[in-house]
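Give me coordinates for this.
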Amino acid sequence: MRERPLGVALVGYGYWGPNLLRNYMELPEADVRWVCDPSSEALAKAHSRYPTVPLTGELDEILTDPSVDAVLIATPISTHHRLARTALAAGKHVFVEKPMTHDTASSRDLVALAGQTGLTLMVGHTFVYSPPVRVVLDIIDSGELGDIRFIDMRRVNLGLHQKDVSVLWDLLPHDLSIAYSWLGRPAVTAAAFGQGCVVPGIPDVAFVVLTFSDGVMAGSHVSWLSPVKLRSTIVVGSEKMLVYDDTENVEKVKVYDHGVEFEEATGFGEFQLSYRTGDICSPKIPHTEPLWLEAKEFVTAVREARRPLTDGLAGLEIVATLEAAEKSLRDACGPVAIEY
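The predicted structure is shown next:
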């Protein structure tokens, strides 16, 4: 007997909600039962594109519907905790956009509640599902790069300034989720430097340095103020180096057989550096939309009653890192220990 599609309801049809709805509408394993938004204008937009999907402005209407198995939350960060908690308490599985909540304490609360209820809690760290990011993960895990020494990331553009969050909370979660998935662990400290160039008190440019327990470092430059869009990352290993550029149309990942070796001096001679410049290879990468892969992962995780790749704990790690970075930036206190 064929298993029925997972009944899902979308809460929030603003900036990102339409993208979620499109992918879940195209996913055979999912059945979109509702679109919920307090804005009549937003609901009108949803109806114009998907006239058969029921609409409501009331959260209770979807939470009391037995055909709804899961709730997708794509609302402002400040509402994530309340909405996710209410949905979990109503017995619904929850997918919530990044960042999971606005502070570490509320993230811990959701993780605990999901554990108590046995429900799936997943966070929308979409880049973790991106085929180029997955290819880089495979390369790192294969040992081809050797020991990872550091990661250098840039994520800048002439972006949309937000009134309720800084650039840290808007853009940094992408780089954090990518780095944590590649290294298989979160950082232990975060140091951030930045400023608000346009809106006083809301940083729109920041430089963040993360340190890991084994000495690996990762740096991220995020900004809403750039004349060009950059989405580039350099991974330096002891054997080879790698560049991941998400703005490239074809060769998004390149592996460089480049390196530098240090040789101790003998006698009174100076130390020697041996440079190696070899081949550059670009692996073939499948063209599949990351958001579709993310949606499929959520539905599959719910059906199989297993932890999704970007579960609540992964969301908690990102929020805790953001909170530490924000404290470092605000207080100009240098590295801050990340408390998970």
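
wouldn't Glu326 be in contact with Ser166 here?
Yes: here Glu326 reaches Ser166: they are 7.2 Å apart, a contact under CB atoms under 8 Å. (Glycine included, C-beta is placed from N, CA and C.)

who has more neighbours, the two?
Per other CB atoms under 10 Å, whichever of Glu326 and Ser166 has more neighbours is Ser166, with 27 against 22.

Distance-wise, check the more buried one relative to Ile139.
Distance, Ser166 to Ile139, using CB to CB, to the nearest Å: 33 Å.

Apart from its chain neighbours, what residue comes closest to Asp103?
Residue nearest to Asp103 in three dimensions, not counting chain neighbours: Glu323, with 6.2 Å by CB to CB, 6 or more residues apart in numbering.

host element of that neighbour?
helix 312-331 (DSSP states H and E).

what comes up buried for that helix?
For helix 312-331, the neighbour count (16 or more other CB atoms under 10 Å) marks 312-326, 328-329 as buried.

and if you look at stretch 79-92?
Applying 16+ other CB under 10 Å to stretch 79-92 flags 80-81, 83-88, 90, 92 as buried.

so which of the residues you listed would you say is closest to Leu210?
Nearest to Leu210 among the buried residues of stretch 79-92 is His80, at 23.3 Å by CB to CB.

show me the contacts for the closest one.
Counting by CB atoms under 8 Å, 6 or more residues apart in numbering, His80 touches 73, 96-97, 99-102, 106.

same check, this time on Glu97
Applying CB under 8 Å, 6+ apart to Glu97 gives the contacts 16, 20, 73-75, 80, 123-124.

Name the member of the residues you listed that has the highest neighbour count.
For those, counting by other CB under 10 Å, the largest number of neighbours falls to Val123: 35 neighbours.

dump the residue contacts of the closest residue to Ala90 other than its chain neighbours.
Leaving aside its chain neighbours, Ala90 sits nearest to Leu63 (4.2 Å; criterion: CB to CB, 6+ apart). Leu63 makes contacts with 71, 86-87, 90, 92, as judged by CB under 8 Å, 6+ apart.

got a markdown table for the contacts of His80, with secondary structure and pLDDT too?
Listed next are the contacts of His80 as a markdown table, based on DSSP: H, G, I helix; E, B strand; the rest coil; pLDDT from 0 to 100:
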| residue | secondary structure | pLDDT |
| --- | --- | --- |
| Ile73 | strand | 98 |
| Val96 | strand | 98 |
| Glu97 | strand | 98 |
| Pro99 | coil | 97 |
| Met100 | coil | 98 |
| Thr101 | coil | 98 |
| His102 | coil | 96 |
| Ser106 | helix | 98 |
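
Kindly indicate which of those lies nearest Ala206.
Closest approach to Ala206 among the contacts of His80 (CB to CB): Pro99, at 14.9 Å.
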